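Participant: Following is a predicted model, sequence given first.
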Amino acid sequence: MPVIKRRSVGLQRQAHAVFAWLALAACGVALSAFGGVDGRARAEGPPTAEEYLAHVGGDAKLIPPGKLTFDNKRALSCGQRPTVLDGQLDDFGAAYPGFLILNPKLMAKVSLPVKMWIFSHECGHQFRGPDEETADCFAVQRGRREGWLSTEGLDEVCRFISPAKGDSMHFSGVNRCDAMRKCYADPIVR
């Protein structure tokens, strides 16, 4: 069985796996990493949350839409998309079309505003696409609109992300923080 490539859109690393899945599916190539209900390979696109869970196994679990909480605070949702908790994920968060993935072991190490931002960043990919700056802006504007992200919370997010170096998909953490501060201050909430 081939190795699953997880699209890590979180904070420092990101592969192009989702887009590779979509490109392969568009070309009609069978995706043998995930079998359908009857065990046959799926050719219609990226895995479902249930297929992802079946493949990674272990302690990964599915959280229905609107049922995820951090630190026993308010429930979070990303529309009707479920969240997979996968302690083996190589980053804080990731997204496949139709579901989010969070690493609960890593998430336990950060403050509540950072957790909320990570979740909202991944949710931003669901609604706005693969662009990292757009997902960052989605997250901080959502936090401001919903009242869970204050300027102090944004400072925590910036301290968290500032050490990150830029790569092919991300600006450096400092540049991302500058852009997020502008989005946060933008009076037009998108």
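Facilitator: Arrived safely.
Participant: Just the terminal-to-terminal distance for stretch 106-114.
Facilitator: Stretch 106-114 has an end-to-end distance of 11 Å (criterion: C-alpha to C-alpha, to the nearest Å).
Participant: Distance from it to the middle of the chain?
Facilitator: Averaging C-alpha coordinates over stretch 106-114 and over its chain gives two centres that are 14 Å apart (C-alpha atoms, centre = their mean, to the nearest Å).
Participant: And that stretch, what's buried?
Facilitator: Of all the residues in stretch 106-114, those buried under the rule 16 or more other C-beta atoms under 10 Å are 106-107, 110, 113-114. C-betas here are computed from N, CA, C, even on glycine.
Participant: closest to residue 70 among those?
Facilitator: residue 107 (7.3 Å; C-beta to C-beta).
Participant: Find the nearest non-adjacent residue to the closest one, please.
Facilitator: residue 115 (5.5 Å; C-beta to C-beta, 6 or more residues apart in numbering).
Participant: Quick check: that neighbour is in a helix.
Facilitator: Yes. Using DSSP: H, G, I helix; E, B strand; the rest coil, the secondary structure at residue 115 is a helix.
Participant: what about it, neighbour count?
Facilitator: Taking other C-beta atoms under 10 Å as the neighbour definition, residue 115 ends up with a count of 22.
Participant: Check residue 72 too.
Facilitator: Using other C-beta under 10 Å, the number of residues around residue 72 comes to 5.
Participant: Flag the shaky bits of this structure, pLDDT-wise.
Facilitator: Within the chain, the stretches falling below the threshold (pLDDT under 70) are 1-44, 168, 189-190.
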